[in-house]
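Enquirer: need a 3D model of the following:
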Amino acid sequence: MPIDETVVSRAIIETYLRKLTDCLELDAAVVGGGPAGLMAAYRLARAGVKTALFERKLSLGGGMWGGGMMFNQIVVQAEARALLDELDIASQEYAPGYYTADAVACVAALLQAAIKAGTNVFNLVSVEDVMVREGRVNGLVLNWTAVEMARLHVDPLAVSCRYVIEATGHATEVLHVLVKKQDVTLNTPSGKLEGERSLWAERAEKTTVENTREIYPGVLVAGMSANASFGSYRMGPIFGGMLLSGAKAADQVIKALAGK
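Expert: Next up, the predicted model:
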């Protein structure tokens, strides 16, 4: 069959715009495609929640891709192994309570599960602002990451959503914008972003899940963003808490949307 390059271009443009137009009004927007964000998106979409995930980089997976110091293996503790089993991700017991898994396989499985469940994924898209109405975040302001990197003066577009899951990791990008522009009081001890502490895996893995909650009306924090927001520790290349946090954030949004 002969190939017409204009048909190829038209197919990409029209189908992408159809997907983007369909996502201008969302139930849940996940910002950040690391393990917590991917797990949250998967659980939300599986429950029938209209969900889109926005990732500023070309590839998804966050810190999970690289494992520990570019050794692309990760560790998951016993409490989270069931999540690997749920996604049919192979793992091996290294020592009692410690399970290893292939980092690339984990990201691939998470991403495929999220998409197959119904998540629309937009990579190379940055969240440069939020929409706030009457003390609640009700949307995101988007632009191409390339526009941001080139510092071009190009106006963004907006999408509305009922809930945002902030899963941008250490950077807490959405919350930094919210605090800077709106001078809001967050649901933290000081009312501000507490910042991230140094490595303490045992404590961090617990607090990642404990700190997963609504931090401002319409915004929940998940994964490393939860610890960075509430002043807890980083955990390094152990990822059970990240996965459990993403699942918890999704469950909280699902219950909120159901009015429970």
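Enquirer: tell me what the helix or strand hosting Val107 is packed against?
Expert: If you go by DSSP states H and E, Val107 is part of helix 103-117. Packing contacts for helix 103-117, counted by 3 or more C-beta pairs under 8 Å, 6 or more residues apart in numbering; DSSP states H and E, involve helix 35-46, strand 73-77, strand 120-123. Every C-beta, even on glycine, is put in place using the N, C-alpha and C of the backbone.
Enquirer: mind listing what's buried in it?
Expert: For helix 103-117, a neighbour-count test (16 or more other C-beta atoms under 10 Å) marks 103-111, 113-115, 117 as buried.
Enquirer: from the chain's centre, how far out does that helix sit?
Expert: 13 Å (C-alpha atoms, centre = their mean, to the nearest Å).
Enquirer: and it, C-alpha only, in PDB?
Expert: The C-alpha trace of helix 103-117 is given here as PDB (Å, rounded to 0.1, in the frame of the first residue of the first chain):
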ATOM      1  CA  ALA A 103      12.600  -1.100  37.400                       C
ATOM      2  CA  VAL A 104      11.800  -0.900  33.700                       C
ATOM      3  CA  ALA A 105       9.300  -3.700  33.900                       C
ATOM      4  CA  CYS A 106       7.600  -1.900  36.800                       C
ATOM      5  CA  VAL A 107       7.200   1.300  34.900                       C
ATOM      6  CA  ALA A 108       6.000  -0.400  31.700                       C
ATOM      7  CA  ALA A 109       3.400  -2.400  33.600                       C
ATOM      8  CA  LEU A 110       2.200   0.600  35.600                       C
ATOM      9  CA  LEU A 111       1.900   2.700  32.400                       C
ATOM     10  CA  GLN A 112       0.100   0.000  30.400                       C
ATOM     11  CA  ALA A 113      -2.300  -0.700  33.300                       C
ATOM     12  CA  ALA A 114      -3.200   3.000  33.600                       C
ATOM     13  CA  ILE A 115      -3.800   3.400  29.900                       C
ATOM     14  CA  LYS A 116      -5.700   0.100  29.500                       C
ATOM     15  CA  ALA A 117      -7.900   1.200  32.500                       C
END
